[in-house]
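In: 3D, please:
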Amino acid sequence: MRPALPADAAALAALSTELGYPADSSTLAARLAVLLAAPEQHFVHVVEQHDKVRGWIHGYIRPLLESATCVEIGGLVVAADSRSQGLGAHLLQACEQWAASHGIAELTVRSAEQRLDAHRFYQRHGYRHIKTQLTLRKQLP
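Out: Reported below is the predicted structural model:
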């Protein structure tokens, strides 16, 4: 496992697309550049197998007014053909250690209702279901 690099953009885009969040490599490269420019706020790491990126995680510090600052997992994906090999657990543990090194004691992750395998994964690693909510979005002109 290692920190993500700008050169990883194409691999990260492919994995993001596999997860159901399509992104071309140039768009993802621009997003990645913003995150990598703020390493004290964002944790972006990849895991490789046979010199190929097989998964990534993005965690970020989320300060809130109504509750304690936490680290939110913005995304975690492992290639379908590399799942159940401990790669996701390794990424998750590294993000948790990063949070602890910043004095943050809580991590949050949001997972779509239909991602039952992901729910089981997180629950196996000590995450508990705290609420169900509706996500609303508005596109601005």
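In: what lies in contact with stretch 110-124?
Out: Around stretch 110-124, the neighbours that count as contacts under CB atoms under 8 Å, 6 or more residues apart in numbering are 72, 88, 109, 129, 132, 135. C-betas here are computed from N, CA, C, even on glycine.
In: and it, how far out from the chain middle?
Out: Relative to its chain's centre, stretch 110-124 lies at 13 Å (CA atoms, centre = their mean, to the nearest Å).
In: for it, which positions count as buried?
Out: For stretch 110-124, burial by neighbour count (16 or more other CB atoms under 10 Å) applies to 111, 118, 119, 121, 122.
In: adding distance to residue 140, secondary structure and pLDDT, write these out as TSV.
Out: Conversion of these to TSV gives the following (distance: CB to CB, whole Å; DSSP: H, G, I helix; E, B strand; the rest coil; pLDDT from 0 to 100):
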residue	distance to residue 140	secondary structure	pLDDT
111	26	coil	90
118	29	helix	91
119	32	helix	92
121	34	helix	93
122	32	helix	94
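In: nearest to residue 2 among those residues?
Out: Checking the buried residues of stretch 110-124 against residue 2 with CB to CB, the nearest one is residue 121 at 21.8 Å.
In: strand partners (parallel or antiparallel) of the top strand by length along the chain?
Out: Longest strand of the chain, by residue count under DSSP state E: strand 52-62. Strand pairing for strand 52-62, using DSSP bridges, gives strand 42-49 (antiparallel), strand 70-78 (antiparallel).
In: partner residues bridging the residue most central in space within the chain?
Out: The residue lying closest to the centre of the chain (CA atoms, centre = their mean) is residue 75, at 2.5 Å. Beta bridges link residue 75 to residue 58 when assigned by DSSP bridges.
In: how about it, what does it touch?
Out: 16, 19, 21, 56, 57, 58.
In: kindly recompute the last result at 10 Å.
Out: 12, 15-16, 19, 21, 44, 56-60, 109-110 (CB atoms under 10 Å, 6 or more residues apart in numbering).
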